[in-house]
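Enquirer: build me a structure from this.
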Amino acid sequence: MTLDIMMPFYGRPDQFRIAVESVLAQSNDSWRLTIIDDVYPDREPALWAEGLRDERVIVVRNEKNLGVGGNFRRAVDLMTEKYGVIMGCDDLMRPGFVDRVVRLTTQFPEAAVIQPGVAVIDDEGNSTRPLADWVKDHYRPRGKGARSLSGQYLAASISAGNWAYFPSLVWSTGVLKELGFRPGLEVALDLDLLLRIVASGGSFVIDDEIVFDYRRHSGSVSAFTAVDGTRFREEREVLQAAADTFARLGWATAAQKARNHTSSRLNALSVLPRAMRSASSAERRSLVSHIFGRA
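Expert: Residues are numbered from 1 along each chain as shown. The predicted model follows:
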């Protein structure tokens with residue numbers, strides 16, 4: 001098997017280089033890296049990647065800036081292998097990432113999504129564990145080693161609190177192309193897709209072996225969209241749609257978890273003090289509405 005590693009790029013060149021180098025350092029060579037330059041103003045980072053002269057590294061440049069969601073959908077279009085990951089251009093693969101993924105896809109060939117073990121780092125690459133990651137760990141299904149989950153239990157778990165780390169997820173390319181990222185979403189598109197995969201009968205594999213470093217920093221898209229309320233408006237829309245779907249499936253517990261969206265509301269509460277200082281009155285009202293569960 002060859003793992004399709006897709007890396008949409010629009011960010012800090014220094015972190016981008018480290019991310020690419022982490023792929024090059026894999027102990028297992030069964031990978032291909034496709035860098036998708038979303039018309040970054042400085043051509044130097046892409047030229048640096050092209051200058052690596054590594055046939056496993058492909059650089060493509062979009063004709064126009066597609067934005068976050070559009071570039072993710074572009075990544076899906078370019079996937080050709082059976083499994084793929086859409087890696088952040090500031091995250092890091094540990095040397096054993098690809099090797100562990102190969103083992104997991106062999107052990108669980110029917111998996112729609114694989115969540116490898118993840119550690120969290122800050123802007124400087126130091127280990128960190130802010131509140132958001134404590135919350136993810138709280139909602140993450142308990143167990144040891146690699147295990148497969150599906151059905152209402154999985155749906156309820158993700159609806160209560162999205163514990164997945166999107167840039168580390170390994171996707172079945174067939175499932176990803178069939179269901180796709182929903183147009184119109186920029187922040188909650190991963191949550192939406194995960195919930196639709198569960199509703200369609202897909203299984204998730206969760207593994208405890210840490211092979212990926214997820215970079216958490218204040219300059220992320222999710223950090224900005226949390227303050228202005230965009231993130232929570234999208235999450236509320238996605239979870240309400242999921243609740244309706246789960247109800248039709250007879251998954252009453254999962255439907256209730258999605259309707260309550262407790263973790264999302266508590267997250268909105270945590271950013272309200274910052275929004276009171278920097279957001280507009282309309283953005284503050286949007287946050288308050290989300291916190292109290294009003295559409």
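Enquirer: tell me which residue is most central in the protein.
Expert: Central residue of the chain (C-alpha atoms, centre = their mean): residue 166, 1.6 Å from the mean position.
Enquirer: give me the distance between it and residue 113.
Expert: 10 Å (C-beta to C-beta, to the nearest Å). For glycine as for every other residue, the C-beta is placed from the backbone atoms N, C-alpha and C.
Enquirer: domain assignment for this protein?
Expert: Following automatic domain parsing, the chain resolves into domains at 3-222, 223-291.
Enquirer: which ones are touching the closest residue to residue 251 other than its chain neighbours?
Expert: If the residues on either side of it in the chain are set aside, residue 251 comes closest to residue 152, at 4.1 Å by C-beta to C-beta, 6 or more residues apart in numbering. Residues near residue 152 by C-beta atoms under 8 Å, 6 or more residues apart in numbering: 246, 249, 251, 253-254.
Enquirer: let's see 10 Å
Expert: Residue 152 sits next to 198-199, 246, 249-255, 257 when contact means C-beta atoms under 10 Å, 6 or more residues apart in numbering.
Enquirer: between those, which is nearest residue 132?
Expert: Closest approach between those and residue 132, by C-beta to C-beta: residue 257, at 18.7 Å.
Enquirer: right, and that closest one touches residue 243 too?
Expert: Yes: using C-beta atoms under 10 Å, residue 257 is in contact with residue 243, at 8.2 Å.
Enquirer: which neighbours do these two share?
Expert: 155, 159, 251.
Enquirer: and residue 193, what does it touch?
Expert: Counting by C-beta under 10 Å, 6+ apart, residue 193 touches 72, 76, 113, 166, 169, 171, 175-176, 179-182, 185, 238.
Enquirer: and if you look at residue 86?
Expert: Residues near residue 86 by C-beta under 10 Å, 6+ apart: 4-8, 36, 71-72, 75-76, 79, 166-171, 176, 181, 190.
Enquirer: ok, now how distant is it from residue 15?
Expert: From residue 86 across to residue 15, the span is 16 Å (C-beta to C-beta).
Enquirer: helix or strand for residue 118, which one?
Expert: strand 113-121 (DSSP states H and E).
Enquirer: remind me what that strand packs against, helices and strands.
Expert: Secondary-structure packing of strand 113-121 (3 or more C-beta pairs under 10 Å, 6 or more residues apart in numbering; DSSP states H and E): strand 83-86, strand 92-93, helix 97-107, helix 131-139, strand 147-149, strand 170-172, helix 189-199, strand 204-215.
Enquirer: let's have these in a markdown table, adding mean pLDDT and distance to residue 30.
Expert: Formatted as a markdown table, the helices and strands packed on strand 113-121 follow (pLDDT from 0 to 100; distance: least, C-beta to C-beta, whole Å):
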| stretch | mean pLDDT | distance to residue 30 |
| --- | --- | --- |
| strand 83-86 | 98 | 10 |
| strand 92-93 | 98 | 13 |
| helix 97-107 | 98 | 6 |
| helix 131-139 | 84 | 29 |
| strand 147-149 | 97 | 22 |
| strand 170-172 | 98 | 13 |
| helix 189-199 | 97 | 24 |
| strand 204-215 | 97 | 14 |
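Enquirer: got JSON lines for these, with distance to residue 67 too?
Expert: Shown next, in JSON lines, are these (distance: least, C-beta to C-beta, whole Å):
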{"stretch": "strand 83-86", "distance to residue 67": "14"}
{"stretch": "strand 92-93", "distance to residue 67": "24"}
{"stretch": "helix 97-107", "distance to residue 67": "27"}
{"stretch": "helix 131-139", "distance to residue 67": "23"}
{"stretch": "strand 147-149", "distance to residue 67": "32"}
{"stretch": "strand 170-172", "distance to residue 67": "20"}
{"stretch": "helix 189-199", "distance to residue 67": "11"}
{"stretch": "strand 204-215", "distance to residue 67": "20"}
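Enquirer: picking up where we left off before, among the contacts of residue 193, who's most crowded?
Expert: Neighbour counts for these, by other C-beta atoms under 10 Å, peak at residue 238, which reaches 27 neighbours.
Enquirer: if I read this right, that residue contacts residue 181, doesn't it?
Expert: No: with contact defined as C-beta under 10 Å, residue 238 does not count as touching residue 181 (11.7 Å).
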